[in-house]
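Trainee: Output the structure for:
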Amino acid sequence: MKLGPKKRQIGLFGWFSLGLLALVPFGLAPRLAGDVDTDSLAVNLPAAPVGAAASAAARRVVVLGIDGMDPDILREALELYPERLKNFARLAAEGGIHPLGTSIPPQSPVAWSNFITGMNPGGHGIYDFIHRDLMTREPVPGSIKGMAGSHIDLWGQWKFPIGGSSETNRSGESFWVTLAKHGIPADIWRMPANFPVEPAEGLSFPGMNTPALDSPYGTYTIFSSDPPAKKKKSGGQYVEVREFSGRIQTAIEGPPNSFKQGDPHQTAPLTFWVDHESQAVAIDVGADVVVLEPGEWSDFVTLEFELLPASLMNMSGTVRFYLRSIDPEFELYASPVNIDPVNPVSPVSEPVAASAEVVEAIGYYYTQGMAEEVNALKDGALNDIEFMDQTKLIYNQRVRMMDYALDRYLEKDGGLFFFYFSTVDLSCHMMWRFHDEQHPQHVFVKEIAQADSSEWSGRDGSTWKEVVYDLYMLMDPVLGQLRERIGDDACLMVMSDHGFAPYRRKFSLNRWLVEEGYMTLKAGRTPELARDDPDYAQVFIMDAVDWSKTSAYGMGFNGLYLNLAGRELDNPDTVEDESGVVAPGQEADALLAELKSKLEALRDDGEPVVLSADLASDVYRGARSAEAPDIQVGFNAGFGNSDASSTGRIPHAIMADNLGGTFNGNHLMAPEVVPGILLTNGKVLPGAHALEDLTIEILEQYGLHAGEGQDGHRVLE
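Mentor: As a prediction, the model looks like this:
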């Protein structure tokens, strides 16, 4: 039986985080309420080093990872605001400001995997936030691989889940695991692409790609007395509420309940007591009551989600609230439900008990990997200032966490310390249009850009137009605090995974492939209509493409794949034959050369759109090179693949202004456009250095050398 086209309405973050939730054993082994079995998860560490190894282990190496910090922007900020960047100026004077080669492509999970393993993507196997299914051509997460489980039907709505597994898709050994094998201590704090958490001889915490409890990326909720007609948004949802005698009764969605048919999201009850006279709301979550006035954020509160009746099996999560307004309409924001660090359903630290110890020291914190509320800003559920206020809350929390982390680290005689900040990256993604007068979105924020931002920045006379520089200035006291604590004898490296550039024009690779004849649609199918057309609907390649007449397709932010015979497979669930048609060898090579030439010749008002269309065979080496996209499209500054095309859609236009609620600063470009940064208190060796070189430098600091498949070289004299 022929399957008709499927209707999909899936947000961007939903695709590239899809499946992360499977890493959390929600349906397999949720904990009984209150249980944390730390003994069963203890890490077996090697014996303490002796002799020369003990001397090496006593060395202190400290790495501060600042996602998205750009060397050129730091230089500009130092020139404009030298008094606000004294710590960076001091470090730059000691060792210079160096560009750090990023990954191909410059995407965070790819770049951080280069750093973690000391390998290029051909070795570790992570090529994009988004990979593709070889049969269906549907987008799948790049960072994980898994096998679906099954279940036994019980009675009524109940079932018993069986099996299912997921694991990281990254190959190669993490550098802190290598250190642990040699008895060298390492504390790893909020490392991206470190979920499930890999233990160290010390503490290990995950960062980016750590799921929320309610969904892989995290789903915000807006409780509103006047919600929009479309309540479901790309990254969250509106819940309509009604007030009766000052009381609002509602519920918040938590984790999927795999003991129920259909895996519905389990809810926890909420009661809001509204006092119009005093302009305050009391939020009753059962165990806690929080009182907020409009414009106030709550601390985290704990919620219990009952998976089985009579609390036979509960799951604990944490959430924080922000009261937007009481009158004339009630509107309350609730964060995604985070994994509870005190009672985690899946470890958010190694040892497992370490996350609860952090809570005891600094209070509850975001365990969600990407905590900055990008989706709510994209959807208009929070405004720019509210987003930046939330970003500042996260920043302040990270500063307290780093201070505690240093307390723990300095109790030891030596070893490695790594700490990660996301502040610059995610805020630059969303706030670049304030800084960039040439951005097509700038006209819409021009008035706000001139407004005073001193309450946020802490800098008298600042405006939102300077927000990118102010983000860098926020990191200066972090660096100062770090240096004061670790002393002058420690080897210090400040690094980033990539830099930043404007994203003003969006190119749609799949639409271009249709126009150029490399992709053919089924009879009667067309690319998407304009957004304002009443018949507009999303069009996906997996539904609309005639694969027997298609030679190439796009998937992911930078990836182009040939429809290669013997690799791209038929989908047995359809009557069509979706098998690849391009013959490997001479035919494929000629097609790749043709595509590369055409892409690099693309111009938009005279500007090159693509700086480099890199063939996988030219830029990757390693055991997993065959899994790579055949071409990585390296965009020029100002350009990028549209969100729609990146997730397998065929948009209306090949090229368009980057308008709407999307990233307006970006780094998904040619690597030479957005290098990372390296500052150090040591002397950097001449020549070019890249992320995987830092990995080797860390190992060499402890007397260890590059292992099999590692690409890097030493960085410091």
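Trainee: Against Phe321, how distant is Phe272?
Mentor: For Phe272, the distance to Phe321 equals 9 Å [Cβ to Cβ, to the nearest Å]. Yep, even glycine has a C-beta here, placed from its N, CA and C like the rest.
Trainee: list residues touching both of those two?
Mentor: Common neighbours of Phe272 and Phe321, using Cβ atoms under 8 Å, 6 or more residues apart in numbering, are 283, 332.
Trainee: count of neighbours near Arg511?
Mentor: 25 (other Cβ atoms under 10 Å).
Trainee: What residue, apart from its backbone neighbours, is nearest it spatially?
Mentor: Nearest residue to Arg511, sequence neighbours excluded (Cβ to Cβ, 6 or more residues apart in numbering): Ile654, at 4.8 Å.
Trainee: for Tyr238, same thing?
Mentor: For Tyr238, ignoring the flanking residues on the chain, the nearest one in space by Cβ to Cβ, 6+ apart is Pro227 at 3.7 Å.
Trainee: again, but for Gln261
Mentor: Of all residues not flanking Gln261 in the chain, Gln157 sits nearest, at 5.3 Å (Cβ to Cβ, 6+ apart).
Trainee: Would you agree the one you found is in contact with Asp263?
Mentor: No: if you go by Cβ atoms under 8 Å, Gln157 and Asp263 don't touch, sitting 11.1 Å apart.
Trainee: So the two - more neighbours on which side?
Mentor: Between Gln157 and Asp263, Asp263 has the larger neighbour count (other Cβ under 10 Å), namely 16 against 11.
Trainee: So that one is in contact with Pro256, correct?
Mentor: Yes: Asp263 is within contact range of Pro256, at 4.3 Å (criterion: Cβ under 8 Å).
Trainee: Quick one, grab the pLDDT at the residue nearest the centre of the chain.
Mentor: The residue lying closest to the centre of the chain (Cα atoms, centre = their mean) is Met208, at 4.7 Å. Turning to Met208, the model gives it a pLDDT of 92.
Trainee: which phi and psi does it have?
Mentor: phi -50, psi 140 (degrees, to the nearest 10).
Trainee: Confirm for me that it is in contact with Ala371.
Mentor: No: look at Met208 against Ala371 with Cβ under 8 Å: they stay out of range, at 9.7 Å.
Trainee: Quick check: neighbours shared by these two?
Mentor: The contact sets of Met208 and Ala371 overlap at Ser422 (Cβ under 8 Å, 6+ apart).
Trainee: any idea how far the residue nearest to Arg511 is from Ala193?
Mentor: Taking Cβ to Cβ, one finds Ile654 at 33 Å from Ala193.
Trainee: Who has more neighbours out of these two?
Mentor: Each of Ile654 and Ala193 has its neighbours counted (other Cβ under 10 Å); Ala193 has more, 28 against 22.
Trainee: Surely the more buried one and Ile116 touch.
Mentor: Yes: judged on Cβ under 8 Å, Ala193 makes contact with Ile116 at a distance of 6.4 Å.
Trainee: and for those two, which residues touch both?
Mentor: With Cβ under 8 Å, 6+ apart as the test, Ala193 and Ile116 both reach Arg170.
Trainee: Contact partners for the residue nearest to Arg511?
Mentor: By Cβ under 8 Å, 6+ apart, Ile654 lies in contact with 507-508, 511-512, 515.
Trainee: Which of the helices or strands spans Pro572?
Mentor: Taking DSSP states H and E as the definition, one finds Pro572 inside no helix or strand.
Trainee: Next: Val63.
Mentor: Per DSSP H and E: strand 60-66 holds Val63.
Trainee: Each with direction, which strands does that strand pair with?
Mentor: Its sheet considered, strand 60-66 pairs with strand 415-421 (parallel), strand 491-495 (parallel) by DSSP bridges.
Trainee: can I see the domain layout of this structure?
Mentor: Per automatic domain parsing, the structural domains of the chain span 1-42+214-350, 53-126+170-211+369-500+674-717, 503-666.
Trainee: With respect to burial, which of the ones you listed scores highest?
Mentor: Highest mean neighbour count of those: domain 53-126+170-211+369-500+674-717, a mean of 21 (counted as mean count of other Cβ atoms under 10 Å).
Trainee: distance between it and the chain's centre?
Mentor: On the basis of Cα atoms, centre = their mean, to the nearest Å, domain 53-126+170-211+369-500+674-717 sits 14 Å off its chain's mean C-alpha point.
Trainee: From the contact counts, what lies against the helix or strand harbouring Asn314?
Mentor: According to DSSP H and E, Asn314 maps onto strand 313-319. When contacts are defined as 3 or more Cβ pairs under 8 Å, 6 or more residues apart in numbering; DSSP states H and E, strand 313-319 packs onto strand 247-256, strand 301-308, strand 338-339.
Trainee: Give me the contact list for the last one.
Mentor: What it means is strand 338-339. Contacts with strand 338-339, where a contact means Cβ under 8 Å, 6+ apart, come from 24, 210-213, 218, 300, 317-319, 345-346, 348, 366-368.
Trainee: Would you tell me which helix is longest in this protein?
Mentor: helix 384-409 (DSSP state H).
Trainee: what mean pLDDT would you report for it?
Mentor: Rounded mean pLDDT across helix 384-409 is 98.
Trainee: what's the answer for stretch 261-276, then?
Mentor: Throughout stretch 261-276, pLDDT has a mean value of 88.
Trainee: chain center to it: distance?
Mentor: In terms of Cα atoms, centre = their mean, the centre of stretch 261-276 is found 27 Å from the chain centre.
Trainee: Would you mind listing the outside residues contacting that stretch?
Mentor: Contacting residues not belonging to stretch 261-276 are listed as 27, 153, 157-159, 214, 223, 241, 243, 246-257, 281-286, 303-307, 315, 326-327, 330, 332 [Cβ under 8 Å, 6+ apart].
Trainee: redo that, cut-off 7 Å
Mentor: By Cβ atoms under 7 Å, 6 or more residues apart in numbering, the surrounding residues in contact with stretch 261-276 are 157, 159, 214, 243, 246-257, 281-285, 303-307, 326-327, 330, 332.
Trainee: What of stretch 63-78?
Mentor: Outside stretch 63-78, the residues that reach it (Cβ under 7 Å, 6+ apart) are 85, 88-89, 92, 97, 99, 108, 418-422, 424-425, 428, 468-469, 472-473, 475, 479, 482, 493-500, 667, 675, 677.
Trainee: Any idea how far apart the tips of that stretch sit?
Mentor: By Cα to Cα, to the nearest Å, the extent of stretch 63-78 from end to end equals 21 Å.
Trainee: So for that stretch, mean pLDDT?
Mentor: 99.
Trainee: hey, where'd the strands end up in the stretch 1-150 of the chain?
Mentor: Under the criterion DSSP state E, counting those that start in this stretch, the stretch 1-150 of the chain contains strands at 60-66, 98-100, 130-132, 139-141, 144-147, 150-153.
Trainee: Oh, that last question was meant for the stretch 501-650 of the chain, not what I typed.
Mentor: All strands of the stretch 501-650 of the chain, identified by DSSP E, counting those that start in this stretch, fall at 501-507, 552-554, 559-562, 603-604, 607-608, 610-615, 631-635, 638-641.
Trainee: Tell me which of those strands lies nearest to Pro121.
Mentor: With respect to Pro121, and counting by Cβ to Cβ, the nearest of the strands of the stretch 501-650 of the chain is strand 631-635 at 9.1 Å.
Trainee: partners of the closest one, with directions?
Mentor: Counting by DSSP bridges, the strands paired with strand 631-635 are strand 559-562 (antiparallel), strand 610-615 (antiparallel).
Trainee: how about the CA coordinates for that strand, as CSV?
Mentor: What follows is strand 631-635 as a C-alpha-only set of coordinates in CSV (Å, rounded to 0.1, in the frame of the first residue of the first chain):
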residue,chain,number,x,y,z
ILE,A,631,30.5,18.1,0.2
GLN,A,632,30.7,20.5,3.1
VAL,A,633,29.4,23.8,1.9
GLY,A,634,31.5,26.6,3.5
PHE,A,635,29.5,29.8,3.3
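Trainee: and for that strand, what are the contacting residues?
Mentor: Contacts of strand 631-635 (Cβ under 7 Å, 6+ apart): 104-105, 509, 558-560, 592, 595-596, 599, 609-615, 619, 641, 668-671.
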